[in-house]
Every structure is written in C-alpha cells, then in structure tokens.
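Got a predicted structure here, sequence first:
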Amino acid sequence: MKYTFKYNDNLDVDEIIIEHNADSSIIENIHQYLNDHQKSYATLKLLKGDEQYYLKVSDILFFETESAVVYAHTKSDAYECEYRLYELEEKLPSEFIRVSKSSICNTKAVLAISRFLNASGTIRFINSHKEIYVSRKFYNDLKISLEKRNTL
C-alpha cells in the first residue's frame, strides 16, 4: 500500500481522499477510524436545569438511564440527554459500547474493571470517582473492547 500527504494552503477545509482498487480490511479500518474520530469531536446538546450545554462526545464517560431519563456523565458532572440509549448506540463512535441494560460506556475513559463472583462487575474511570455496573451479559464484550485499545 502506498500513501501520500500533500499540503495545500488553498483548501478551506481539510480533505482526505483514499483511492483503492479492492475492498480490504485495512481500508475498512481506516474508514471506521475516520468516522469514529469525526463523531468523537462532534458536540452533543445536553441539559442541566434551564441551561443547554454543548459538550464534545469524547468528554463523556458514560450514559445512564435513571427513572426514564438518560444522563450523560462527565468526570465531575451529569447532564440530561434528549436521546434514548438505543438512539445513542447508533450515533456514537465505536468506543462507546453497551455495558448493561441501562448504560453505555466510553471505553477510552475506562481505568479499571473489576469482576464479581457472579460474573458481573464495576467500571472505574480515569480521573473520576464515578463507577458504573457492567452486567455479565456485556462483561466479555467490554473486556475484548478494552484489549483492542492501543497498548504496548
């Protein structure tokens, strides 16, 4: 595979063009990465009291349903979200995965997972005191997703 980077100061917006002659897993992975990267830097309108906040998706640790309301949790706060969890699953980048019936987790923000005897567990987040429950149904998917992260 060959690739080239060209600087063009006449462009108003950066543009990436990929030319390929056959479908391959490398091309699919690049496409998925670019799509996820774009979604991670998108903003999401969230509510707290009478105020509207526009936060980057990548700043959200997890989404959780409580009493039919979906909350988006950051390191230090929580905001109401207008979407349902199933809608968020379709819109969010692939690093956000379902970890229980009532939660979606940002795997890039996970510090640690602990497992209980019944195969469920808890998730702790980087630079935050917050924790959420991971059900045994989703525990292995979470573990696989964490192992796929770029690690040495």
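Great, that's in hand. Numbers count the residues shown, from 1 in each chain.

what secondary structure does residue 88 sit in?
Recorded secondary structure, residue 88: helix (DSSP: H, G, I helix; E, B strand; the rest coil).

One more: the one 10 residues further on?
When states are read from three-state DSSP, the local structure at residue 98 comes out as strand.

what bridges to it?
residue 104 (DSSP bridges).

Next one: it from residue 107, what distance?
Distance from residue 98 to residue 107, counting by CB to CB, to the nearest Å: 11 Å. For every residue, glycine as well, the C-beta is placed using N, CA and C.

what does residue 32 give?
From residue 32 to residue 107 the distance is 14 Å (CB to CB).

Of the two, which one has the most company?
Neighbour count, other CB atoms under 10 Å: between residue 32 and residue 107, residue 107 has more, with 19 against 12.

show me what contacts residue 126?
Contacts for residue 126 (CB atoms under 8 Å, 6 or more residues apart in numbering) come out as 109, 110, 111.

Check the contact between the second one and residue 146; I expect there is one.
Yes: contact between residue 110 and residue 146 holds when scored by CB atoms under 8 Å: they sit 6.1 Å apart.

Between those two, point out the one with more neighbours.
Ranked by neighbour count (other CB under 10 Å), residue 110 and residue 146 place residue 110 first, with 22 against 17.

Great, nothing more from me.
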